[in-house]
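Participant: sequence first, predicted model second:
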Amino acid sequence: MIIEVENLVCRFGNIVAVDDFSLEVAKGEVVVIIGPSGSGKSTFLRCLNALEDFDSGRITIDGIDVDRKHKHIHDVRLEVGMVFQSFNLFPHLTVIENTMLAQRVVRKRTREEARKKGEELLNLVGLSDKRDIYPARLSGGQKQRVAIARALAMDPKIMLFDEATSALDPEMIGEVLEVMKNLAARGMTMLVVTHEIGFAREVADRIVFMDEGRIAEEGSPSAILDNPANKRTREFLAKVL
Amino acid sequence: MSRFGVNITFFSHGREWIPLGYSEKVVFGGRATGQTGETTGGDDDLIDWLTEQAILYWDILKYLIPAVPYTVLITVCSFALALVLGLVIGVLRISRSRPVAAAAGMYINIIRGVPLLVQIFFIYFGLGSVCNLDRFTAGVVAVGICYSAYLAEIFRSGIDAISQGQYEAAQSLGMTRFQALRHVIIPQSFRIVIPPVANEFIASLKDSSLVSIIGMRELTRAGREYYSQYFVDFQTWLLVGAIYLIMTMSLSRLVKYLERVYAVAGYGSRQG
């Protein structure tokens, strides 16, 4: 198992965002996490990347312990790429520089190596022609594709997508989902928090339905989407489908 | 004697209160013109007066100009010190270590709460007696430390203005907090802090005049020297002020230019 989560608990004051959550993800697996707002999906994803502290439980990523004291925090983050809802591209750098910065600073690659890798990945997300412009001149969908290329440039073993298409206009969602499908087809281990049920059905190996910080139900896309056993899952799907 | 100065005599000359000339006591930098304030009537007097004035101003200017480079030098050196110190203190101010952040905060509060003049005295007479500082070093250090506190607050607010998402993106790519600051956050803050930092630079140019008090011969000191030799105060301080004004206004223009240069096309949104 490349990701092992045991009894994870994450609180914000009195609010329990993630409550006794356990999950295992195999290498190459695509797990889609769905659920109502505030059910702890994003918090769980952020815990995996140590962007959020957790209160108890254990997370192991590719054998590395994500301990609460953040001893191995940088090793973990090198294994895990993350794509955010709000893109968070670096606005002072051009598209290609966005993909190169962490390669140079963290992976210590030379300028040439970093540029070659960056160009390769911009090509993969279909944005080779935008490499020398600044992010502010890109559409939302293009920004998110650059963000994916930037994360991939670090050669992560796992990719986390935190509502990657939620901030996009409907006509741009498709281009980002296309890139994500592509990535899944190439065998990337992916954890995807999304409201795109169509994408979940098509790409997910497994769907996890989260409610109030816990796993309410998990299983194959057809099991969850067509024959949900849990009442909360049925209510949720009735609203989003 | 008039509000224009001790040595100017006034004559009612059909016009309202025109200062006509100087009494023979006035020596124009050793070049007495021989023309005194005898009124003979007519426009000749006015022309004489204007000529005398022009010669006087020119004489003062010749005395003041050589001191201008020292004002510039003090300002540039102390502000360079202030920039480096200010950036360090500003970054320490947002440290996650509480004692470090508190110490930086205390530094800022103490320095900002004490008049610069007192700091100059303290460093030159107080510390200077212990570690033997010359006037220039003491002046530069005093102004530099004083402005580092103001700049630290500006840098801190510039860093705070960058969205949390930028840190998270940098950290998710494996950067340490320091790397994120250095490569992602601070370069973006620079553009935000250029106008307030430039204001501080202009203010420090003006405050460099306080260094004259410890005998550092810069523009203000030169003005005092000229005055105490020739007792021409109106014209001397008018010129000193004008020279400061020319320098500060030129700097303002430079800042506007820099802001344009740094405004990279299309690089406006914080969200990226």
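Facilitator: Ah, there it is. Numbering: from 1, shown residues only, chains lettered A, B, ... in the order given.

Participant: tell me the strands in chain A, going along the chain?
Facilitator: Chain-ordered strands for chain A, with DSSP state E as the definition, fall at A:3-12, A:15-25, A:30-34, A:56-61, A:64-65, A:80-83, A:158-162, A:189-193, A:206-211, A:214-219.

Participant: who touches the second one?
Facilitator: Strand A:15-25 is contacted by residues A:1-11, A:31, A:40, A:43-44, A:47, A:54, A:57, A:158, A:189, A:191, A:208, A:212-215 when judged by C-beta atoms under 8 Å, 6 or more residues apart in numbering or on different chains. Every residue, glycine included, has its C-beta placed from N, CA and C.

Participant: filter those residues to the buried ones?
Facilitator: Listed as buried from the contacts of strand A:15-25 are A:2-5, A:8-11, A:31, A:40, A:43-44, A:47, A:54, A:57, A:158, A:189, A:191, A:208, A:213-215; burial here means 16 or more other C-beta atoms under 10 Å in any protein chain shown.

Participant: tell me the contacts of A:Ile73?
Facilitator: Under the criterion of C-beta under 8 Å, 6+ apart, the neighbours of A:Ile73 are A:50, A:66.

Participant: quick check: longest helix of chain A.
Facilitator: Under DSSP state H, the helix in chain A containing the largest number of residues is helix A:170-185.

Participant: which positions in that helix come out as buried?
Facilitator: Taking 16+ other C-beta under 10 Å as the basis for neighbour counts, the residues of helix A:170-185 that come out buried are A:172-173, A:175-177, A:179-180, A:183-184.

Participant: same question for stretch B:88-96.
Facilitator: Counting neighbours by 16+ other C-beta under 10 Å, the buried set in stretch B:88-96 is B:89-94.

Participant: let's see which of those residues end up in strands.
Facilitator: Judged by DSSP E, the buried residues of stretch B:88-96 include no members of strands.

Participant: can you tell me which of the residues you listed are in helices?
Facilitator: Counting by DSSP H, the buried residues of stretch B:88-96 place B:89-93 in helices.

Participant: export these to JSON lines and tack on pLDDT?
Facilitator: Converted to JSON lines, these look like this (pLDDT from 0 to 100):
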{"residue": "B:Ile89", "pLDDT": "96"}
{"residue": "B:Gly90", "pLDDT": "95"}
{"residue": "B:Val91", "pLDDT": "93"}
{"residue": "B:Leu92", "pLDDT": "95"}
{"residue": "B:Arg93", "pLDDT": "94"}
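
Participant: would you format those residues as TSV with distance to A:Gly63 included?
Facilitator: What follows is those, written out as TSV (distance: C-beta to C-beta, whole Å):
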residue	distance to A:Gly63
B:Ile89	42
B:Gly90	40
B:Val91	35
B:Leu92	37
B:Arg93	39
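
Participant: with those in mind, which one is nearest to chain A?
Facilitator: Ranked by distance to chain A (C-beta to the nearest C-beta), these are led by B:Val91 at 17.3 Å.

Participant: show the contacting residues for the closest one.
Facilitator: Applying C-beta under 8 Å, 6+ apart, the residues contacting B:Val91 are B:155, B:159, B:181.

Participant: which residues does A:Ile59 bridge with?
Facilitator: On the basis of DSSP bridges, A:Ile59 takes part in beta bridges with A:Val5.

Participant: the helices in chain B, which residues?
Facilitator: With DSSP H as the criterion, chain B has helices at B:43-64, B:68-93, B:98-113, B:116-121, B:128-131, B:135-160, B:164-172, B:177-180, B:186-207, B:219-230, B:233-262.

Participant: B:Val68: neighbour count?
Facilitator: The local packing count at B:Val68 equals 16, with neighbours defined by other C-beta atoms under 10 Å in any protein chain shown.

Participant: skipping its backbone neighbours, what lies nearest it in space?
Facilitator: Setting aside the residues directly before and after it, B:Val68 is nearest to B:Leu219 in space (C-beta to C-beta, 6 or more residues apart in numbering or on different chains), at 5.7 Å.

Participant: quick check: that neighbour touching B:Ala67?
Facilitator: Yes: under the contact definition of C-beta atoms under 8 Å, B:Leu219 touches B:Ala67, with a separation of 4.9 Å.

Participant: more neighbours, the two?
Facilitator: B:Leu219 (27 against 22).

Participant: and stretch B:235-252, C-alpha only, in PDB?
Facilitator: Extracted C-alpha coordinates of stretch B:235-252, given in PDB (Å, rounded to 0.1, in the frame of the first residue of the first chain):
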ATOM      1  CA  GLN B 235      19.100  83.200   1.600                       C
ATOM      2  CA  THR B 236      21.100  80.400   3.200                       C
ATOM      3  CA  TRP B 237      18.300  78.400   4.500                       C
ATOM      4  CA  LEU B 238      16.200  79.100   1.500                       C
ATOM      5  CA  LEU B 239      18.900  77.600  -0.700                       C
ATOM      6  CA  VAL B 240      19.500  74.600   1.700                       C
ATOM      7  CA  GLY B 241      15.700  73.900   1.600                       C
ATOM      8  CA  ALA B 242      15.600  74.300  -2.200                       C
ATOM      9  CA  ILE B 243      18.500  71.800  -2.600                       C
ATOM     10  CA  TYR B 244      16.700  69.200  -0.400                       C
ATOM     11  CA  LEU B 245      13.500  69.800  -2.300                       C
ATOM     12  CA  ILE B 246      15.300  69.300  -5.700                       C
ATOM     13  CA  MET B 247      16.700  66.000  -4.300                       C
ATOM     14  CA  THR B 248      13.500  64.700  -2.900                       C
ATOM     15  CA  MET B 249      11.400  65.600  -5.900                       C
ATOM     16  CA  SER B 250      13.900  63.900  -8.200                       C
ATOM     17  CA  LEU B 251      13.600  60.800  -6.100                       C
ATOM     18  CA  SER B 252       9.900  60.900  -6.300                       C
END
